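Trainee: let's see this in three dimensions:
(one chain, ligands or ions: 1)
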Amino acid sequence: MPASSNRPRDPFVDWVRQVTPYIHAHRGKTFVIAIGGEALTDARFPDLVHDIAMLHGLGIRLVLVHGARPQIEARLAERGARMRYVNALRVTDDTALACVKEAAGVVRVEIEALLSLGLANSPMAGVRIPVVSGNFVTARPFGVLDGVDYGHTGTVRRVDRHTLRALLDQGAVALMPPLGYSPTGEVFNLSAADVARSTAEALQADKLVFLLEDEEVRTAALPPTLLTGEVDALLDAATPLPEGLGKCLRASAEACRHGIPRVHLVGRSGDGALLRELFTRDGSGTLVSAEPFEELRAARIDDVAGILELLRPLEERGILVRRSRERLETEIERFVVAERDGLITACAALYPYADEAMAELACVAVHTQYRAGGRGDRLLEYMERLAHAQGITRLFVLTTQTAHWFQERGFAPAGLEALPMARQALYNFQRNSKVFIKRL
Ligand SMILES: CC(C)(COP(=O)(O)OP(=O)(O)OC[C@H]1O[C@@H](n2cnc3c(N)ncnc32)[C@H](O)[C@@H]1OP(=O)(O)O)[C@@H](O)C(=O)NCCC(=O)NCCS
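Mentor: The predicted model follows:
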């Protein structure tokens, strides 16, 4: 082994190497990022905008959608008025619309100013980012519902994807207010979540990101991953979600059902929260994705027979270590399964070693009839998020025949001594499995 491998590792160099795959993966991709108007009232908002500018610098095609709720409410209060809500929907009268227009204008200018900053010694030194706003959204009135006229509150009718694409092709950042225009020349007050979702769908964006209020995210205690069905269940649950979060979750599920592969919900105020979500497998955010396959879920005791049926042929071929039914029953809470019409189509198990912040990923298996369709990838991603949420920083596998599959997914070969002592003691030398570790 070369002597250099014994030198202490430089955390900076390690860090750059860790983010490099994400930089490659994101370049040229289209992200729609939605920010609530609350963000602007935060002293750290410039940092967030600078992080967004950095994404632009890395070649990501960006559309920013902003809300303006506190700014609208402040203007209404100055006029001695308030926004009226019926069935959690805004009723926008003439006074409210005037405030919406003013607030949207001010927010837009402030964001543009921050994206124009180019002073030496600032993170944006020497950078020039063209920012373009416009009448990209055609809207229609929400209309009258149960006798209530919602006035200038509108819904998105279509988004001008051709103009937006042309702007993104030229390297501009598109900035979209929560406003829409109708062919009759009217202006409508829209929900920023609705604008962001519709824009992501129109552009077939690679990601839709909602930057949320931390308070709302904390209250809801969202898990690290959600499938669209799980989002529906949360929205239908008896305990109502905070309003802003509910809107974004509804928009997330809809976006996923209309072809957006990933929607991220991120608490905005943690320093660099957006960067962590996009460049690491950080568990602070929640990833919403569609259900192209069977839903993954925690295994239950009545899944034992199905898991055994899936694992037995692999155990007989020596691919997996044999597990008795009794052992499986006692360890069932470690398993995650995918089920399709009563058949267990995939499973995996996580055995944490909390002292070392490590976990063993075991029993990774996809039913033979369902292989090579990306289920293995999705199972691995799910297990990694699950591990990360438990504070695990390194995931290891012991494998005899699947080394390349894990290596191609970021696992690196390691010696037995890299495993937790308790796991080393259980190592079966006769089986001679190879050890692979992945940093999360
Ligand atoms: C490994 C396994 C979980 C992958 O599941 P999957 O749903 O087929 O995975 P994906 O669709 O995400 O990936 C398929 C890719 O993995 C490759 N692959 C499958 N088994 C592999 C192996 N043993 N070694 C290397 N690559 C393998 C396929 O060739 C395919 O690659 P390609 O698209 O370039 O041809 C599945 O093949 C399986 O259950 N194998 C038996 C159990 C096993 O080995 N588990 C690991 C125990 S440590």
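
Trainee: identify the residue nearest Leu249 in space, chain neighbours excluded?
Mentor: Of all residues beyond its chain neighbours, the one nearest Leu249 is Val231 (5.2 Å), with distances taken as Cβ to Cβ, 6 or more residues apart in numbering. Bear in mind the C-beta positions are built from the backbone N, C-alpha and C, glycine included.

Trainee: in contact with the one you found, which residues?
Mentor: Val231 makes contact with 249-250, 252-253, 288, according to Cβ atoms under 8 Å, 6 or more residues apart in numbering.

Trainee: and it, what's its pLDDT?
Mentor: Looking at Val231, its pLDDT reads 92.

Trainee: touching the lowest-mean-pLDDT helix or strand in the chain from outside, list them.
Mentor: Taking mean pLDDT, DSSP states H and E as the measure, the helix or strand of the chain with the lowest value is helix 214-220, at a mean of 81. In this structure, residues lying in contact with helix 214-220 by Cβ under 8 Å, 6+ apart are 234, 241-242, 244-245, 265, 267-270, 286.

Trainee: ok, back up a step: doesn't the residue nearest to Leu249 lie inside a strand?
Mentor: No. Secondary structure assignment (DSSP: H, G, I helix; E, B strand; the rest coil) places Val231 in helix, not in a strand.

Trainee: report the two of the contacts of Val231 separated the most.
Mentor: Across the contacts of Val231, no pair lies farther apart than Arg250 and Val288, at 10.7 Å, counting by Cβ to Cβ.

Trainee: give me the residue from the stretch 301-440 of the chain nearest the ligand.
Mentor: Scanning the stretch 301-440 of the chain for the residue nearest the ligand gives Gly376, at 2.5 Å (criterion: Cβ to the nearest ligand atom).

Trainee: and that residue, what is it in contact with?
Mentor: Contacts for Gly376 were tallied using Cβ under 8 Å, 6+ apart; they are 346, 364, 366, 405.

Trainee: go again using 6 Å as the cut-off
Mentor: Gly376 is in contact with Val366, counting by Cβ atoms under 6 Å, 6 or more residues apart in numbering.

Trainee: one more: Ile33?
Mentor: For Ile33, the contacting residues are 64, 209, taking Cβ under 6 Å, 6+ apart as the criterion.

Trainee: can you check Leu241 too?
Mentor: Shown here is Leu241, whose contacts under the criterion Cβ under 6 Å, 6+ apart are Ala220.

Trainee: can you classify the residue nearest to Ala81 when sequence neighbours are not counted as helix, strand or coil?
Mentor: The shortest distance from Ala81 to any residue other than its chain neighbours is 5.1 Å, reached at Thr95 (Cβ to Cβ, 6+ apart). Three-state call for Thr95 (three-state DSSP): helix.

Trainee: ok so, going back, and the residue nearest to Leu249, how far is that from Ala221?
Mentor: Val231 sits 14 Å away from Ala221 when distances are taken as Cβ to Cβ, to the nearest Å.

Trainee: ok, now Gly244?
Mentor: According to Cβ to Cβ, Gly244 and Ala221 sit 16 Å apart.

Trainee: neighbour-wise, which of the two wins?
Mentor: Each of Gly244 and Ala221 had its neighbours counted (other Cβ atoms under 10 Å), and the higher figure belongs to Gly244 (21 against 6).

Trainee: from the ligand, how far off is that one?
Mentor: For Gly244, the distance to the ligand (Cβ to the nearest ligand atom, to the nearest Å) stands at 35 Å.

Trainee: could you list the buried residues of whatever helix or strand that residue lives in?
Mentor: According to DSSP states H and E, Gly244 maps onto helix 243-257. Applying a neighbour-count criterion of 16 or more other Cβ atoms under 10 Å, the buried positions in helix 243-257 are 244-256.

Trainee: what about the stretch 101-250 of the chain, any weak spots by pLDDT?
Mentor: The stretch 101-250 of the chain contains residues with pLDDT under 70 at 119-120.

Trainee: mind listing the strands in it by residue range?
Mentor: Listed from the start of the chain, the stretch 101-250 of the chain has strands (DSSP state E, counting those that start in this stretch) covering 131-132, 137-141, 144-145, 148-149, 154-159, 173-176, 179-181, 187-189, 207-212, 225-227.

Trainee: buried deepest among those, which one?
Mentor: The highest average neighbour count among the strands of the stretch 101-250 of the chain, using mean count of other Cβ atoms under 10 Å, belongs to strand 207-212 at a mean of 28.

Trainee: can you pull the alpha-carbon coordinates of that one into CSV?
Mentor: In CSV, the C-alpha atoms belonging to strand 207-212 read as follows (Å, rounded to 0.1, in the frame of the first residue of the first chain):
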residue,chain,number,x,y,z
LYS,A,207,-36.5,18.9,-9.5
LEU,A,208,-39.0,21.0,-7.7
VAL,A,209,-37.8,22.4,-4.3
PHE,A,210,-40.0,24.0,-1.7
LEU,A,211,-38.1,26.0,0.9
LEU,A,212,-40.4,26.0,3.9
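
Trainee: which strands or helices does that strand pack on?
Mentor: strand 30-35, strand 262-267 (3 or more Cβ pairs under 6 Å, 6 or more residues apart in numbering; DSSP states H and E).

Trainee: so which residues make contact with stretch 63-81?
Mentor: Under Cβ under 6 Å, 6+ apart, the answer for stretch 63-81 is 32-38, 41, 82, 95, 99-100, 102-104, 107, 174-176, 178, 192, 195-196, 199.

Trainee: of those, keep whichever come out buried.
Mentor: Among the contacts of stretch 63-81, those scoring as buried are 32-38, 99-100, 103-104, 107, 174-176, 178, 192, 195-196, 199 (criterion: 16+ other Cβ under 10 Å).

Trainee: can you tell me the residue of the stretch 101-250 of the chain closest to the ligand?
Mentor: Per Cβ to the nearest ligand atom, Thr225 is where the stretch 101-250 of the chain lies closest to the ligand, at 16.5 Å.

Trainee: so that residue versus His367, what's the distance?
Mentor: 22 Å.

Trainee: then Pro123?
Mentor: Looking at Pro123 against His367, where the rule is Cβ to Cβ, the gap reads 49 Å.

Trainee: quick one: contacts for the residue lying closest to Tyr353 once chain neighbours are set aside?
Mentor: Using Cβ to Cβ, 6+ apart and skipping residues adjacent in sequence, the residue nearest Tyr353 is Pro420, 4.0 Å away. For Pro420, the contact set (Cβ under 6 Å, 6+ apart) comprises 353, 356, 358.
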